[in-house]
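Colleague: A predicted structure for the sequence below; I have some questions about it.
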Amino acid sequence: MKILHLSAECYPAAKVGGLADVVGSLPKYLNQLDHQCEVVIPKYETQWLEDQDYTKIHEGSLMMAGEEVGFSILKVKDAKLGFPLYVVSIPGRFDRPGIYIDPWSGHGYWDELERFVSFQIAVMEWMKNSHEQPDVIHCHDHHTSLVPFMLSECNRYRNMSGIPSVITVHNAEYHGEVDIDNFKLLPAFNIDNIGLLDWDGQLNSLAAGLKCAWRITTVSKSYMRELAEESNGLEILFQQERSKSQGILNGIDTEVWDPAADELIEYNFSFRNRKKGKKENKHSLCERFDLNLELPMISFIGRLVREKGADLLPDLFNRILKADIEVNFILLGTGDPQLHEIFAQMEGKHMGYFDATLEYNEQLAHQIYAGSDFILMPSRVEPCGLNQMFAMRYGTVPIVRAVGGLKDTVVDISEEDGYGITFNDFTLEAAEEAIVRAVDLFSNEKQYSEVLAKIMKLDFSWKSSAQEYEKMYKALISK
Ligand code: GLC
């Protein structure tokens with residue numbers, strides 16, 4: 001089957017979060033099952049994209065609100081990603097270094113809507129003019145979720161209305177909501193059907209995608225259930241569309257995330273020499289951040305935003321210090337500027353126990369997974385979560401709030417065959433108790449080493465999930 005994935009992110013070309021990891025690996029594993037997946041993203045000015053060579057595949061122009069916009073489709077040469085990667089170059093819209101946020105100002109780009117609408121129309125125009133159309137168009141999150149609407153509603157694309165479309169929801173906190181008048185940016189459609197774009201009087205890209213796509217998937221089964229109860233205003237829509245929805249758990253790219261071969265970590269290790277490997281990598285982190293090797297090392301990696309529970313961390317850490325529980329805490333990530341300030345202050349105040357690296361740093365992330373004893377994920381919302389899976393593959397025990405994909409991938413040590421620490425309530429008390437349990441586990445050498453052996457043996461590869469996607473595509477095509 002030929003499947004075209006449309007996304008705003010794809011690792012290693014352009015990454016903000018887990019969306020990039022998934023779009024950068026699922027197609028590769030589907031192709032190993034003998035499919036032809038291709039990925040299309042905008043051509044930003046990220047370092048990786050700047051460093052590539054390209055072949056021009058198509059050149060065209062599109063109309064957006066009466067204005068002609070030129071674009072070209074370029075194919076990345078020799079990327080060795082396991083799938084062909086195409087980028088849409090739209091001068092004036094994407095030739096900037098940031099993906100969503102301007103790195104200079106720290107704010108989102110003012111023309112986000114025009115950027116992603118032009119990206120989506122460009123893809124539609126390219127497909128319309130290409131003689132080989134895909135069997136399925138697979139869209140990811142709201143930046144590409146107007147495509148299912150255009151496929152089914154826009155007069156220009158009648159010839160493509162039979163192509164099945166899928167929308168995968170990686171994060172339903174963001175909808176791409178704007179004033180309804182912006183429908184004028186889209187190619188002509190029967191105005192009687194404007195309701196398909198509308199949610200609560202606004203043009204809501206994600207809602208339009210949910211209504212128009214042939215199939216909806218989310219990235220874990222628990223998150224699928226949670227969305228019907230809490231999805232930032234789209235609950236009823238998720239309930240209405242239940243019959244065409246399903247949760248498929250993400251996998252991880254076990255070739256990129258392999259402690260035995262990972263070039264980004266100091267000491268490679270495998271299951272066989274796991275204890276030594278963990279120790280050496282921890283040692284390197286302790287030297288780098290001036291931390292005590294004997295203490296349990298708990299880390300947080302990720303976007304510093306509400307969803308991830310990053311705002312809980314300052315008070316949590318203070319409580320732990322007050323309770324005389326000795327741990328090292330490492331934090332890596334960027335996000336809310338207010339939190340940046342708080343974490344920078346904490347670092348000064350708790351030298352030797354706390355380190356915050358407030359940047360995006362893929363190399364350091366790998367080293368932290370390799371060297372930490374625990375990874376902490378106190379998420380309010382977690383559609384799937386990949387960090388707990390990366391961590392476990394590197395022998396790092398997860399401490400997670402049992403929500404969404406975290407609930408589906410981490411079994412508490414109190415249960416039979418358990419291997420992680422989970423807590424239910426989003427409260428300081430519950431998170432503190434979880435940390436106390438982690439410290440206890442760490443001090444029990446025998447139990448800790450059993451857990452270490454268990455997590456390193458777990459299979460979080462794409463194997464079974466890629467088959468579930470395959471099954472879904474097949475069912476759509478036969479419709
Ligand atoms: C988003 C979600 C995360 C998920 C990822 C990939 O970043 O927040 O939970 O793992 O997408 O699907």
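Modeller: Nice, I can see it.

Colleague: need the next SSE after the lengthiest helix in the chain, C-terminal direction.
Modeller: Looking across the chain with DSSP state H, the single longest helix is helix 112-129. Sequence order places strand 136-140 as the next helix or strand after helix 112-129, per DSSP states H and E.

Colleague: got a list of contacts for stretch 61-79?
Modeller: Stretch 61-79 is contacted from outside by 13, 40, 43, 52-60, 84-93, 114, 117-118, 121-122, 125-126, 184-185, 187, using C-beta atoms under 8 Å, 6 or more residues apart in numbering. C-beta here means a position set from N, CA and C on the backbone, and glycine is covered the same way.

Colleague: again, 7 Å this time
Modeller: By C-beta atoms under 7 Å, 6 or more residues apart in numbering, the surrounding residues in contact with stretch 61-79 are 43, 52-60, 84-91, 117-118, 121-122, 125-126, 184-185.

Colleague: Give the buried residues for the longest helix of the chain.
Modeller: For helix 112-129, burial by neighbour count (16 or more other C-beta atoms under 10 Å) applies to 113-127.

Colleague: can you check stretch 228-241 too?
Modeller: Buried-residue list, stretch 228-241, by 16+ other C-beta under 10 Å: 228, 231, 234, 237-238, 241.

Colleague: Give me the distance between it and the centre of its chain.
Modeller: Averaging C-alpha positions (C-alpha atoms, centre = their mean, to the nearest Å) puts stretch 228-241 21 Å from its chain's average.

Colleague: interface residues of the protein facing the ligand?
Modeller: 17-19, 22, 170-171, 219, 250, 382-386, 405 (C-beta under 6 Å from any ligand atom).

Colleague: you'd agree S118 is up against S89?
Modeller: No - S118 lies out of contact with S89 (C-beta atoms under 7 Å); the separation is 11.0 Å.

Colleague: wait, what's in contact with the closest residue to the ligand within the chain?
Modeller: Nearest residue of the chain to the ligand: G18, at 2.7 Å (C-beta to the nearest ligand atom). G18 sits next to 170, 384, 386 when contact means C-beta under 7 Å, 6+ apart.

Colleague: just checking, the first one touches G385?
Modeller: Read it as H170. No - contact criterion C-beta under 7 Å: H170 and G385 do not qualify, at 10.9 Å.

Colleague: more neighbours, those two?
Modeller: Comparing H170 with G385 by other C-beta atoms under 10 Å, the one with more neighbours is G385, at 30 against 23.

Colleague: Can you classify the more buried one as helix, strand or coil?
Modeller: Put simply, G385 is coil when judged by DSSP: H, G, I helix; E, B strand; the rest coil.

Colleague: Of the buried residues of stretch 228-241, which belong to helices?
Modeller: Per DSSP H, the buried residues of stretch 228-241 map to helices at 237-238.

Colleague: of all the buried residues of stretch 228-241, which two lie farthest apart?
Modeller: For the buried residues of stretch 228-241, the farthest-apart pair by C-beta to C-beta is S231 and E241; their separation is 11.3 Å.

Colleague: rewinding a little: now the residues of the chain next to the ligand as JSON lines including secondary structure and pLDDT?
Modeller: Converted to JSON lines, the residues of the chain next to the ligand look like this (DSSP: H, G, I helix; E, B strand; the rest coil; pLDDT from 0 to 100):
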{"residue": "G17", "secondary structure": "coil", "pLDDT": "92"}
{"residue": "G18", "secondary structure": "helix", "pLDDT": "95"}
{"residue": "L19", "secondary structure": "helix", "pLDDT": "97"}
{"residue": "V22", "secondary structure": "helix", "pLDDT": "98"}
{"residue": "H170", "secondary structure": "coil", "pLDDT": "98"}
{"residue": "N171", "secondary structure": "coil", "pLDDT": "95"}
{"residue": "V219", "secondary structure": "coil", "pLDDT": "98"}
{"residue": "N250", "secondary structure": "coil", "pLDDT": "98"}
{"residue": "E382", "secondary structure": "coil", "pLDDT": "98"}
{"residue": "P383", "secondary structure": "coil", "pLDDT": "98"}
{"residue": "C384", "secondary structure": "coil", "pLDDT": "98"}
{"residue": "G385", "secondary structure": "coil", "pLDDT": "97"}
{"residue": "L386", "secondary structure": "coil", "pLDDT": "96"}
{"residue": "G405", "secondary structure": "helix", "pLDDT": "98"}
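
Colleague: Let's see if you can find the most crowded of those residues.
Modeller: Ranking those using other C-beta under 10 Å puts E382 first, with 32 neighbours.

Colleague: check contacts around that residue.
Modeller: With contact set as C-beta under 7 Å, 6+ apart, E382 has these partners: 403-406.

Colleague: Helices of the stretch 301-450 of the chain, start to end?
Modeller: Using DSSP state H, counting those that start in this stretch, the helices of the stretch 301-450 of the chain run over residues 313-322, 337-349, 362-371, 387-393, 404-409, 428-443, 445-457.

Colleague: follow-up on the earlier one: tell me the angle of the longest helix of the chain relative to strand 136-140?
Modeller: 170 degrees (axes from the mean of the first three to the mean of the last three C-alpha atoms, to 10 degrees).

Colleague: which outside residues touch helix 112-129?
Modeller: 6, 8, 40, 42, 58, 60, 62, 64, 69, 71, 73, 88, 90, 93-94, 100, 109, 133, 143-144, 146-147, 150, 157, 159-160, 178, 182, 185-187.

Colleague: Could you do stretch 99-106 as well?
Modeller: Under the criterion C-beta under 7 Å, 6+ apart, residues 8-9, 14, 16, 44, 97, 107-109, 112, 337 lie in contact with stretch 99-106.

Colleague: Then stretch 26-36?
Modeller: With C-beta under 7 Å, 6+ apart as the criterion, stretch 26-36 contacts 1-3, 5, 37, 39, 81-83, 251, 462, 466, 469-470.

Colleague: do that again at 10 Å, thanks
Modeller: 1-5, 7, 10, 37-39, 81-85, 132, 134-136, 138, 140, 168, 248, 250-251, 253-256, 461-463, 465-467, 469-470, 473 (C-beta atoms under 10 Å, 6 or more residues apart in numbering).

Colleague: gap between the two ends of that stretch?
Modeller: Taking C-alpha to C-alpha, to the nearest Å, the first and last residues of stretch 26-36 lie 12 Å apart.

Colleague: For that stretch, give the mean pLDDT please.
Modeller: Mean pLDDT, computed over stretch 26-36, is 97.

Colleague: Show me which residues of it are buried.
Modeller: 26-31, 35-36.

Colleague: Out of the contacts of stretch 26-36, which sit inside helices?
Modeller: 463, 465-467, 469-470, 473.

Colleague: Quick check, pLDDT for W104.
Modeller: Here, the pLDDT recorded for W104 equals 86.
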